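[1] Provided below for reference: sequence and predicted model.
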Amino acid sequence: MALVNECARVVSNEQLAAKLYLMRVESPEIARSILPGQFVHMKIAGMDDHILRRPFSVYARNAEEGTFDVLYQVVGTGSARMTDMAAGANCEFIGPIGTPWQPPTGTHRALVVGGGVGAAPVFMLCEHLLASDVDLTVVLGAATRDALVCKSRYEALLGHEPRCATDDGTYGRAGFCTSLVEEALEGANAAGQPYDYVAVCGPEPLMRIVARMAADANVHCQVSMERRMACGVGACLSCVVETVDGRRRSCVDGPVFDARKVVWA
Amino acid sequence: MALVNECARVVSNEQLAAKLYLMRVESPEIARSILPGQFVHMKIAGMDDHILRRPFSVYARNAEEGTFDVLYQVVGTGSARMTDMAAGANCEFIGPIGTPWQPPTGTHRALVVGGGVGAAPVFMLCEHLLASDVDLTVVLGAATRDALVCKSRYEALLGHEPRCATDDGTYGRAGFCTSLVEEALEGANAAGQPYDYVAVCGPEPLMRIVARMAADANVHCQVSMERRMACGVGACLSCVVETVDGRRRSCVDGPVFDARKVVWA
Amino acid sequence: MTCNFQRKPRATSVRMSVNVGGLEMKNPVTVASGTFAAGREYHDFVDVSTLGAVTTKGVSLHGWEGNASPRIAETPSGMLNSIGLQNPGVAHLKEHDLPWLSQVGATVIANVSGHSFDEYVAVIEALEGAPVDAYEVNISCPNVDAGGMTIGTDPKSVEAVVSRCRAATKRPLIVKLTPNVTNIAEIAVAAEASGADAISLINTLLGMAIDAHTRKPLLARVVGGLSGPCVKPVALRLVWECSKAVRVPLIGMGGISTGTDAVEFMLAGATAVSVGTANFVNPAATIDVIDGIATYCEDNGVKDVTELIGALEC
Amino acid sequence: MTCNFQRKPRATSVRMSVNVGGLEMKNPVTVASGTFAAGREYHDFVDVSTLGAVTTKGVSLHGWEGNASPRIAETPSGMLNSIGLQNPGVAHLKEHDLPWLSQVGATVIANVSGHSFDEYVAVIEALEGAPVDAYEVNISCPNVDAGGMTIGTDPKSVEAVVSRCRAATKRPLIVKLTPNVTNIAEIAVAAEASGADAISLINTLLGMAIDAHTRKPLLARVVGGLSGPCVKPVALRLVWECSKAVRVPLIGMGGISTGTDAVEFMLAGATAVSVGTANFVNPAATIDVIDGIATYCEDNGVKDVTELIGALEC
Ligand SMILES: Cc1cc2nc3c(=O)[nH]c(=O)nc-3n(C[C@H](O)[C@H](O)[C@H](O)COP(=O)(O)OP(=O)(O)OC[C@H]3O[C@@H](n4cnc5c(N)ncnc54)[C@H](O)[C@@H]3O)c2cc1C
Ligand SMILES: Cc1cc2nc3c(=O)[nH]c(=O)nc-3n(C[C@H](O)[C@H](O)[C@H](O)COP(=O)(O)OP(=O)(O)OC[C@H]3O[C@@H](n4cnc5c(N)ncnc54)[C@H](O)[C@@H]3O)c2cc1C
Ligand SMILES: Cc1cc2nc3c(=O)[nH]c(=O)nc-3n(C[C@H](O)[C@H](O)[C@H](O)COP(=O)(O)O)c2cc1C
Ligand SMILES: Cc1cc2nc3c(=O)[nH]c(=O)nc-3n(C[C@H](O)[C@H](O)[C@H](O)COP(=O)(O)O)c2cc1C
Ligand code: FES
Ligand code: FES
């Protein structure tokens, strides 16, 4: 799929929780062609002294209406500036970029883990897995109850609640969601119905631990690696990830990598 | 009068003609204390890669309501950005800066000349002269009829039309307003009622010619010199004007200078 | 909601071609090495055969793995990078990139790196049979410990490496200078005297960024190279100084994002220009720069773009 | 609609004082010479007696008239200036400015300029009886033809001028370096070896801006000095390199606008910092920087601001 630089229009941009926002943009080319796990590289208007684009995963898309959603967290200048963008504002996206999630062919049971805003980049994967009749377990982690902003969409998709953990115990399991992951893996093994695919997106320590657990359980695992990016299209080598095959660009050789290939920091 | 850096609020901001806008801001301290000919140094929000402030003369003020007006022309990045500022927007002004117009004590007849947006910085001077019962002639020049945006305010102030010239002949005298100035000076001399003060603000060639005419007619003349400014408060020496007394800062030793002191480029 | 696919420069009556020390370019715009890979990554946005030339990422003999991450940081109107010349080696370039560039019809400048004088020569020798139109010898990379910038700051070592490269090829030889020197004219003169057909500048300014919160540098390698609009005033000054010091043509770069920026470099004395960091912001920046130069020429009655070279009035 | 009149730093429990080569500063923040005149122009906004020190505009023996206009140009996240050290001479400083500074209770660093080694010494001698707390010898101005930067780029002339200034005074002697050199460490070592009590850096980066439309340089003098946020990465790198090369304290500057910027310079090795171009943007920038440093210290459990000096982890 060829990359495009699409001049898009903000459809809506609403706050979901402290520092968490959902932006919907009209961007038909990208909406049409983006695959689960791919991302867009956004030029945020009006921050002329900050020259670089910002990469964001696509949370969901509506190919017919030509829109896609980005779930974003305010962490710095660019994401703060995004909160000011009203419906009708213009912005540019390069996309669709990167490797999509690739469940092994013949996957029957999959475990999908999203930590923090990492819940967004795995949502389209879950849609895809369900459409392929895969038996799906979803684990979501967040710092606190209010930050579990993707839960309702997952509920609607799954027909039941995803398994949730909050660091502060205000919802679901108290503590990190890795304990839920461990239980899921063990439970499946005990039931003689092991997972054949784990996908995880979230903070790097979370991904490292889940990758380890999956390896121990002998389940194929993919992770989505974030790096600071300049070009976002594979040209500048800003964004490399250490892998057993050497340094690989997270923008186009990833962001989705086979977890066994990643050399964790 | 001490300088302040006032955080002000835009009250209105409307287009008057091609590339000409009028902005009214609420800025009580500056509105209260500014004198005719002084200016403000504006920090335009949201152009972070353009770090310098922009100097603007004050066109009019309302001390009671705490507002003042700036008439501005779109010439570059900053002035273009200003056109986007809606009512309620914030901006910062340092002011009131610089030397005011100083008609000699005992002035009876004054000639005031404003070329282009230079019509604005002399308006408060005209108010002051009329309040002091000075016999006042106003000459305005502009490129074309539509650019004579100050005419109606002058009409209301004077009770009659100011003398106007347009470069393209679409209103008043065709050609540069210097011919009107020459006629006024000669007429006054011929009538044995010479002017005792000429004030001129506009493009430097205009000011140079009017200064020459005033000198020839032996009338005290003041001019308002614009320079690119960094600090705007007299500290950086960016803005010097060549004078017979050496290089002088246009921001605080000016912008209003005795025309005979200026060494024209 | 508009997308442009594989843009090409628009038609113009202006004569746009330039000759850079024997290298014919259809217009004065190439890309800055390391910001455009070997063109393929930008071919969705820009028909790379329509550029004056594609300058490839720096290549060494057997390849280098570059520096640790993080490798970039954003700074006011610019960025720092410490990629460290990661590259898979000259054989890979010959096998994978040059055939593709040749097939799409691109003019190619191969940017050459080395840890030693011998390595520079070996890379050129390896490329002599390959479809390359000119070499750009990078003696100015601030991100490697041996070779790179250390060679480019001393006229003696500049002479040594340039004359050896000169002996290795008859193709146009461009020498790329670092701005991190006291006296650029002295370096440029040394390069010219040793056989350079053209000089390109600037490589990045050495800089550093710190995260006050973590008390750590933002780059794993601590220091890196500054590029983007913030360096434009320094780059223009160095191009102007070089243009007064040497007769060979110059390729100017440093913060060029628009046609107007490019015109400024040409007025300061550059025969051609490179677009670097701007590609990251606007993937079709190269075409916008070419079109912008054409517009400037049309608006100002310039029939041949070469009229701009060194036309600064001062 | 708020105005602040003559701001002072807010109260803090953090120990804010620093000693720069014998100069006691109540906090680490002074102003960059030439951006604050002798303080009076900013006293409506900032109580200048509350600054670590006021560094005065460069002064020569009999005064200079500086360069022609235009003298400034805006550039991406920065500005160029070619003021050319316009100043009314040391007698004027002694008569008009130093008494005022002394009366308001300011700590004073006098920035000293000269066209010759003799002139630097003569200016210092003229100031020896005056209320000055330290000298900053500017061997780095890019905007004058004689003296200035030409002295500051060669270790030999640095040694010559610094040792002569050293002999002329027992007061703290700060030497201000130019960034336009290949090897800053070599210059800093020369200054230290010749008796400098402290080193300040950076002066401006030499740059240029062109108006493509008129085909003329934007500065009458063609080239000028680049300052503001755009130079911060270069300045930080040079401070860090100097901090590894010398033992004397450093005053860091170049694009500092916020407390966080100042902390970054201190982490890189500066004992104090100067606020320059930022004053033009925000006339109370100095106070915001002091308060910002205090906030950083409070938030990070730093009881004494000197704990920050050189505390970069890398
Ligand atoms: C492939 C990919 C997909 C992403 N998807 C999402 C998403 O769906 N939702 C979301 O909220 N965020 C996502 N991110 C992270 C997002 O790109 C950064 O939060 C954003 O760039 C920060 O910009 P800023 O200007 O607000 O922060 P800055 O002011 O630039 O920096 C603030 C902090 O964020 C860190 N940071 C900056 N850029 C990155 C980056 N590219 N990766 C990681 N950390 C960074 C900086 O080191 C700094 O600590 C993704 C990143 C990548 C690489
Ligand atoms: C004391 C004073 C009073 C002024 N009063 C007014 C006023 O009432 N109304 C009005 O429209 N303009 C006024 N100006 C001019 C105004 O400051 C400039 O038009 C403005 O700064 C341009 O900013 P910009 O970002 O739009 O243009 P830029 O993009 O910065 O530059 C565009 C062009 O304007 C020129 N320019 C930039 N700054 C100045 C400057 N300070 N003086 C002269 N030319 C400049 C540049 O050289 C360039 O050619 C005044 C200037 C001064 C010094
Ligand atoms: C990410 C990145 C990688 C670079 N790699 C190289 C390189 O391999 N060889 C080289 O000569 N210059 C390299 N450079 C320097 C650029 O070619 C150019 O000289 C510099 O970035 C200034 O131009 P710009 O401001 O337009 O980017 C690199 C620059 C960047 C930003
Ligand atoms: C308008 C202006 C005038 C300056 N004059 C002097 C001077 O007289 N003496 C001097 O040592 N440095 C002078 N400088 C350099 C500053 O002191 C400082 O080193 C430089 O601007 C970098 O700091 P900044 O980015 O915070 O401005 C001047 C800088 C500017 C912008
Ligand atoms: S961001 Fe440029 S290669 Fe990945
Ligand atoms: S603008 Fe700084 S002295 Fe006038």
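    Perfect, thanks for sending it. Ligands and ions are numbered 1, 2, ... in the order given.
[2] rest of the way, CA atoms for contacts and neighbours
    Fine.
[3] Distance of the residue of the stretch 51-200 of chain C found nearest ligand 2 relative to C:G207?
    Closest to ligand 2 within the stretch 51-200 of chain C is C:S77: 16.6 Å, counting by Cα to the nearest ligand atom. Relative to C:G207, C:S77 is positioned 14 Å away (Cα to Cα, to the nearest Å).
[4] between these two, which one's more packed in?
    Per other Cα atoms under 10 Å in any protein chain shown, whichever of C:S77 and C:G207 has more neighbours is C:S77, with 27 against 24.
[5] So which bits of the stretch 51-200 of chain A are right by ligand 5?
    Counting by Cα under 6 Å from any ligand atom, no residue of the stretch 51-200 of chain A lies close to ligand 5.
[6] can you list the residues of the stretch 51-200 of chain A near ligand 1?
    Going by Cα under 6 Å from any ligand atom, the residues of the stretch 51-200 of chain A near ligand 1 are A:54-57, A:70-80, A:117.
[7] Stretch C:165-181 and chain D in contact?
    Yes: under the criterion of Cα under 8 Å from any Cα of the partner chain, chain D is reached by stretch C:165-181 at C:N180, C:V181.
[8] Quick one: mean pLDDT over that stretch.
    Averaged across stretch C:165-181, the pLDDT comes to 97.
[9] Quick one: end-to-end length of it, please.
    The straight-line separation of the ends of stretch C:165-181 (Cα to Cα) is 22 Å.
[10] Flag every buried residue along it.
    C:165-166, C:168-169, C:171-181 (16 or more other Cα atoms under 10 Å in any protein chain shown).
[11] Stretch A:205-215 now?
    So stretch A:205-215, judged by 16+ other Cα under 10 Å, has buried residues A:L206, A:M207, A:R208, A:V210, A:A211, A:R212, A:M213, A:A214.
[12] Is that stretch positioned near ligand 1?
    No: with Cα under 6 Å from any ligand atom as the criterion, ligand 1 is not reached by stretch A:205-215; the gap is at least 13.4 Å.
[13] contacts for that stretch?
    For stretch A:205-215, contacts defined as Cα atoms under 8 Å, 6 or more residues apart in numbering or on different chains pick out A:115, A:178, A:181-182, A:185, A:198, A:200-201, A:220-223, A:259-260, A:264.
[14] so which pair among the residues you listed is furthest apart in space?
    Using Cα to Cα, the two most remote members of the contacts of stretch A:205-215 are A:L185 and A:W264, lying 21.5 Å apart.
[15] Which of the two has more residues huddled nearby?
    Neighbour count, other Cα under 10 Å: between A:L185 and A:W264, A:L185 has more, with 23 against 13.
[16] Now do that one against ligand 1, distance only.
    For A:L185, the distance to ligand 1 equals 26 Å [Cα to the nearest ligand atom, to the nearest Å].
[17] Could you list the low-confidence segments of the stretch 51-200 of chain C?
    Scanning the stretch 51-200 of chain C for pLDDT under 70 picks out C:143-149.
[18] out of the contacts of stretch A:205-215, which are buried?
    Buried members of the contacts of stretch A:205-215, scored by 16+ other Cα under 10 Å, are A:115, A:178, A:181-182, A:185, A:198, A:200-201, A:220-223, A:259-260.
[19] if you look at these, which of them are in strands?
    Counted as lying in strands by DSSP state E, out of those, are A:G115, A:V198, A:V200, A:C201, A:C221, A:Q222, A:V223.
[20] Turn those into a markdown table, columns for distance to A:V233 and pLDDT.
    Below are those laid out as a markdown table (distance: Cα to Cα, whole Å; pLDDT from 0 to 100):
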| residue | distance to A:V233 | pLDDT |
| --- | --- | --- |
| A:G115 | 26 | 96 |
| A:V198 | 27 | 98 |
| A:V200 | 23 | 98 |
| A:C201 | 21 | 98 |
| A:C221 | 25 | 98 |
| A:Q222 | 21 | 98 |
| A:V223 | 19 | 98 |
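[21] Could I get those residues in JSON lines, plus columns for distance to C:R40?
    Converted to JSON lines, those look like this (distance: Cα to Cα, whole Å):
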{"residue": "A:G115", "distance to C:R40": "35"}
{"residue": "A:V198", "distance to C:R40": "33"}
{"residue": "A:V200", "distance to C:R40": "31"}
{"residue": "A:C201", "distance to C:R40": "29"}
{"residue": "A:C221", "distance to C:R40": "30"}
{"residue": "A:Q222", "distance to C:R40": "27"}
{"residue": "A:V223", "distance to C:R40": "27"}
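[22] Number of residues surrounding the residue of the stretch 101-250 of chain A found nearest ligand 6?
    Going by Cα to the nearest ligand atom, ligand 6 is nearest to A:A230 of the stretch 101-250 of chain A, at 37.3 Å. A:A230: 30 surrounding residues under other Cα under 10 Å.
[23] Verify the stated contact: it with C:A278.
    No: look at A:A230 against C:A278 with Cα atoms under 8 Å: they stay out of range, at 10.2 Å.
[24] on that earlier part again, and of the buried residues of stretch C:165-181, the nearest to D:T150?
    C:V181 (13.6 Å).
[25] That closest one - that's part of a strand, no?
    No: under DSSP: H, G, I helix; E, B strand; the rest coil, C:V181 sits outside any strand and is assigned coil.
[26] can you tell me which of the buried residues of stretch A:205-215 are in strands?
    Going by DSSP E, the strands hold none of these.
[27] Widest-spaced pair of those residues?
    In terms of Cα to Cα, these reach their longest pairwise distance at A:L206 and A:A214, which sit 12.2 Å apart.
[28] Could you report the neighbour count for the residue in the stretch 51-200 of chain A that ligand 2 sits nearest to?
    Closest contact between the stretch 51-200 of chain A and ligand 2, by Cα to the nearest ligand atom, is at A:I51 (19.1 Å). When counting by other Cα under 10 Å, one arrives at 24 neighbours for A:I51.
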